[in-house]
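Undergrad: Provided below are the primary sequence and the corresponding predicted coordinates.
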Amino acid sequence: MISAWTAADVRAAEEPLLAAGEPLMERASFALAVQVLADLRARRRHVRGARVALLVGAGNNGGDTLHAGAVLARRGVAVTAVLTSDRVHAGGLVALRGAGGTVVDLAATPERTGAVADDAAGADVVLDGLLGIGARGALRGLAGDLVSALVSRCAVGVKSAGSERSEPADFTPTAPGGGRERERGPWVVAVDLPSGIGVDDGTLPGPVLAADRTVTFGAAKPGLLLPPAARVVGAVTVVDIGLDPAGPPAVRRLEPADVGAYWPVPGPADHKYTRGVVGLVAGTATYPGAAVLAASAAVRTGTGMVRYRGSDPVARAVLAARPEVVTATGRVQSWVVGPGIPTTRDRDDPADDGQHDRGRGGLAVAAGNLPGTSYGPVPAVVDAGGLPLLAESNPPWFVLTPHAGELAGLLRSRGEDVHRDDVEAAPLHWARRAHELTGATVLLKGGVTLVVGPDGAWAQADAPGWLATAGAGDVLAGILGTMLAARSEEIVAGPALAAEVAAGAVLVHGLAAERANPGGPVAALDVAAAVPATVAGLLEQRR
Ligand SMILES: NC(=O)C1=CN([C@@H]2O[C@H](COP(=O)(O)OP(=O)(O)OC[C@H]3O[C@@H](n4cnc5c(N)ncnc54)[C@H](OP(=O)(O)O)[C@@H]3O)[C@@H](O)[C@H]2O)[C@H](O)CC1
Ligand SMILES: [K+]
């Protein structure tokens, strides 16, 4: 699991160590230099003679960078520091000069920004040491101008808030090659974090130079895990400098071994009800495929049984695809309501196929609001056409699975003036808002999928871009329904667990897509077909 703490929590953890004279900056800068040397060796035969440009800001982030530059210079690297402020870290500057590095005082000659950007763009490596956790708002002033000039020269990055986004990058902390190999331009290493991202919320308020690697100190920060900034961080390396942040992390990311560790493996005493039965209200005569996809995914994720609820023609299609499914009503341990159901609330909509009523019934049972049922409340997945069926207030064991447009619609129906673009620009904020307004756990689908529950947020970046295809959401709903059913009582008793299980479902969904066709296009049904082997692979990784 990768845990991220806010800038304030990191600073609070640094303070006692700094007060005790711990050499945090030396540890950080040396580790940074070691990583840059490794990246250089992965990209060229000799380190000696390589060119490294340091972008240096006014604070300690720049101090880290200058000290790291001194280590590189002493190993024969040609290091040039570009100073964007007249207040750069004095000790770092002395160290760099003492090691033979050169200095370009851009602050004194801002008119040379274009020429300096040309030089930096021709370096082997650029270290982005303009801003760290002291950032406030969009990158401004000379630092902002320099980054904007570099972005246009390196052709990867964010020119300004709301502009086209950079290419997706990997969050692969151990990948030797770091993130995506760039056809041209320097290898960009962000110091602590890419300068100009929202440190605690992952927004991109202004120009940001996309990194191939981020070397972050002490702990990951939320902005490195959260969309949209998570797409410009490259491979993330967390350097231990002795910090121990207090309190719960603000954002977490499950890794495969975490999901394998808690996957329920049936034993001799198990039967379908101990494994979990999923009640599925999905699909209509207009959209029967969603029911087939969700049912296939639920069955293949290892549910005890799926009870399908829907019209006869759709039931026939589901049974033809998955004969394991039953249409008899009865006890279930989770409900999945909404895939392939129209999002109108109109009961009289012929396209509704009676699914809104069936969905309302399922959610009422799931919430424990239906007197007379012999079983207690159970978790629920509320997707697509299920979202308008939600009550004003819902239990946290309900997991909503909107994409950005559906979330905007849900929020507007509860009085917020928000549209898809707003959600995509600040997904954590709006997912949190939806959790506050509905009471439910919110899984906001996207290139990086967020899950917000009662005890914080999860950010999963396991999905290849190929997963943006019709039916993928129906498959996720099925996977999630099975995973919730398997731990139904535990989740109702401790509702914060719903978010962690949902994050796990997102990880399984993404890994199954990768397994279905590594590096290439996938069909949603093939993703469902790849789930059994994906789960087996997770179980092999149990710590
Ligand atoms: N404390 C330590 O010994 C260690 C710190 N680490 C590294 O330090 C940074 C945090 O350093 P800090 O000095 O607190 O802040 P920054 O370096 O991030 O930058 C602050 C300066 O940047 C200016 N600033 C703020 N926002 C912007 C912006 N949007 N655009 C341009 N410039 C901005 C700010 O200017 P003011 O006008 O506010 O003065 C400051 O001058 C941390 O990230 C680590 O890299 C080590 O990791 C551990 C040891
Ligand atoms: K930085």
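TA: Everything's here; your move. Residues are numbered from 1 along each chain as shown. Ligands and ions are numbered 1, 2, ... in the order given.
Undergrad: Just after the helix or strand bottoming out on mean pLDDT in the chain, pick out the following helix or strand.
TA: The least trusted helix or strand in the chain, going by mean pLDDT, DSSP states H and E, turns out to be strand 157-158, with a mean of 68. Tracing the chain past strand 157-158, the next element assigned as helix or strand by DSSP states H and E is strand 187-191.
Undergrad: Show me this structure divided up by domain.
TA: Domain assignment for the chain by automatic domain parsing gives 2-242, 273-541.
Undergrad: what's the closest of the ones you listed to ligand 2?
TA: Closest of the domains of the chain to ligand 2 is domain 2-242, at 4.1 Å (criterion: Cβ to the ion). Where C-beta positions appear, they are placed from N, C-alpha and C, glycine not excepted.
Undergrad: Off-centre distance for that closest one?
TA: Relative to its parent chain, domain 2-242 has a centroid offset of 21 Å by Cα atoms, centre = their mean, to the nearest Å.
Undergrad: Stretch 235-246 now?
TA: Per Cα atoms, centre = their mean, the centroid offset for stretch 235-246 relative to its chain is 19 Å.
Undergrad: any idea of the mean pLDDT for it?
TA: Stretch 235-246 carries an average pLDDT of 94.
Undergrad: Next up, phi/psi of the closest residue to residue 413 other than its chain neighbours, please.
TA: Once flanking residues are discounted, residue 413 sits nearest to residue 388: 7.3 Å by Cβ to Cβ, 6 or more residues apart in numbering. Torsion angles at residue 388 (phi, psi; degrees, to the nearest 10) stand at phi -70, psi -10.
Undergrad: repeat for residue 214
TA: Backbone torsions for residue 214, taken as degrees, to the nearest 10, come to phi -120, psi 120.
Undergrad: Let me know whether it touches residue 190 as I believe.
TA: Yes - taking Cβ atoms under 8 Å as the definition, residue 214 is a contact partner of residue 190 at 4.2 Å.
Undergrad: can you list residues touching both of the two?
TA: Here residue 214 and residue 190 share the contacting residues 233-234, scored by Cβ atoms under 8 Å, 6 or more residues apart in numbering.
Undergrad: Can you tell me how far residue 280 is from residue 380?
TA: Distance of residue 280 to residue 380, given as Cβ to Cβ, to the nearest Å: 11 Å.
Undergrad: actually residue 140, sorry about that
TA: According to Cβ to Cβ, residue 140 stands 46 Å off from residue 380.
Undergrad: out of these two, which sits in the busier spot?
TA: Each of residue 140 and residue 380 has its neighbours counted (other Cβ atoms under 10 Å); residue 380 has more, 33 against 15.
Undergrad: In contact with the closest residue in space to that one that isn't next to it in sequence, which residues are there?
TA: Once flanking residues are discounted, residue 380 sits nearest to residue 366: 3.9 Å by Cβ to Cβ, 6+ apart. Residue 366 sits next to 334-335, 377-380, 395, 397-398 when contact means Cβ under 8 Å, 6+ apart.
Undergrad: 7 Å instead?
TA: 335, 377-380, 398 (Cβ atoms under 7 Å, 6 or more residues apart in numbering).
Undergrad: so it, which of the three states?
TA: helix (DSSP: H, G, I helix; E, B strand; the rest coil).
Undergrad: Read off the pLDDT value for it.
TA: Per-residue pLDDT puts residue 366 at 95.
Undergrad: Can you show me the strands along the stretch 251-400 of the chain?
TA: 251-253, 277-281, 305-309, 334-337, 380-382, 398-400 (DSSP state E, counting those that start in this stretch).
Undergrad: among the domains of the chain, which is nearest residue 265?
TA: For the domains of the chain, proximity to residue 265 was assessed by Cβ to Cβ; domain 273-541 is nearest, at 6.9 Å.
Undergrad: if we can go back for a sec, export the strands of the stretch 251-400 of the chain to TSV and tack on distance to ligand 2 and mean pLDDT?
TA: Compiled in TSV, those are given as follows (distance: least, Cβ to the ion, whole Å; pLDDT from 0 to 100):
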stretch	distance to ligand 2	mean pLDDT
strand 251-253	19	97
strand 277-281	46	98
strand 305-309	49	98
strand 334-337	43	98
strand 380-382	39	98
strand 398-400	35	98
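Undergrad: can you list the ones you listed in JSON lines and add distance to residue 116?
TA: Putting the strands of the stretch 251-400 of the chain into JSON lines (distance: least, Cβ to Cβ, whole Å) gives the following:
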{"stretch": "strand 251-253", "distance to residue 116": "35"}
{"stretch": "strand 277-281", "distance to residue 116": "60"}
{"stretch": "strand 305-309", "distance to residue 116": "62"}
{"stretch": "strand 334-337", "distance to residue 116": "56"}
{"stretch": "strand 380-382", "distance to residue 116": "53"}
{"stretch": "strand 398-400", "distance to residue 116": "48"}
